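A.B. asks: Build me a model from this:
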Amino acid sequence: MAFFLRMIERVTGMAGLVIAWLVFPLILAMCFEVFSRYALNAPTIWAFELSYMAMGTHALIGAAYTLRERGHIRIDIFYSRFSPKTKALIDTLGYLVLFLPVVSLVSLGLWEYWVEAFVGEFRSGQSAWNPIIWPFRLAFFLGFALLWLQGIAEFIKCLRFLAGRTDDWDAANG
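C.D. replies: Predicted structure coming up:
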């Protein structure tokens, strides 16, 4: 089981690292657009769509990495006062009842959303550039699939902690 958890965490970590580099092409594209628009009076036809696709991909793929690093917003007014065992129980129930079912359904829906765009050769329709949209929709699906996978790992870590295996929990919760 520990090997399985390490593999999930490695995949999530690598995806987060790779997707973090997507910010640089986004910055370059936006700088070029600003220069082209205001200095040359010749705006591009592609910068807007490239920017929302890159930023959306960055946010969606990065969500699993953020979960791994416990970086998502949590309302701590009560949670921080609980014992580690109570926190693990709350997290376990949250993953089982809410997180995993919702992310599973969204992932399946996004798979169909991607297939529809791929088979239908859909285009964005947002600008004159009008790129194919299936790569962006694939990023939607991959982001939620990675989030689901990391959610499984977090759920297993909670179960292991509740069963007396504190090594995973101690590493994740400081």
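
A.B. asks: contact partners of whatever helix or strand Phe24 lives in?
C.D. replies: Assigned by DSSP states H and E, Phe24 belongs to helix 23-34. Contacts with helix 23-34, where a contact means CB atoms under 8 Å, 6 or more residues apart in numbering, come from Pro43, Thr44, Ala47, Phe48, Leu50, Ser51, Ala54, Met55, His58. Where C-beta positions appear, they are placed from N, C-alpha and C, glycine not excepted.

A.B. asks: One more pass at 7 Å, please.
C.D. replies: With contact meaning CB atoms under 7 Å, 6 or more residues apart in numbering, helix 23-34 is reached by Pro43, Thr44, Ala47, Leu50, Ser51, Ala54, Met55, His58.

A.B. asks: Report the buried residues of the helix or strand following that helix.
C.D. replies: Using DSSP H and E, the next helix or strand after helix 23-34 towards the C-terminus is helix 47-68. Buried positions in helix 47-68, judged by neighbour count with 16 or more other CB atoms under 10 Å: 47-51, 53-54, 57-58, 60-68.

A.B. asks: pLDDT on helix 47-68, on average?
C.D. replies: Helix 47-68 comes out with an average pLDDT of 91.

A.B. asks: for stretch 81-94, same thing?
C.D. replies: pLDDT averaged over stretch 81-94 gives 92.

A.B. asks: gap between that stretch and the chain center?
C.D. replies: 23 Å (CA atoms, centre = their mean, to the nearest Å).

A.B. asks: repeat for stretch 8-28
C.D. replies: Stretch 8-28 has its C-alpha centroid displaced from the chain centroid by 10 Å (CA atoms, centre = their mean).

A.B. asks: Which residue ranges of the chain form helices?
C.D. replies: Taking DSSP state H as the criterion, the chain contains helices spanning 2-20, 23-34, 47-68, 76-79, 84-93, 100-120, 134-162, 167-173.

A.B. asks: Nearest residue to the residue most central in space within the chain in space, please, no chain neighbours.
C.D. replies: For the chain, the residue nearest the mean C-alpha position is Ala63 (2.7 Å; CA atoms, centre = their mean). Leaving aside its sequence neighbours, Ala63 sits nearest to Leu147 (CB to CB, 6 or more residues apart in numbering; 4.9 Å).
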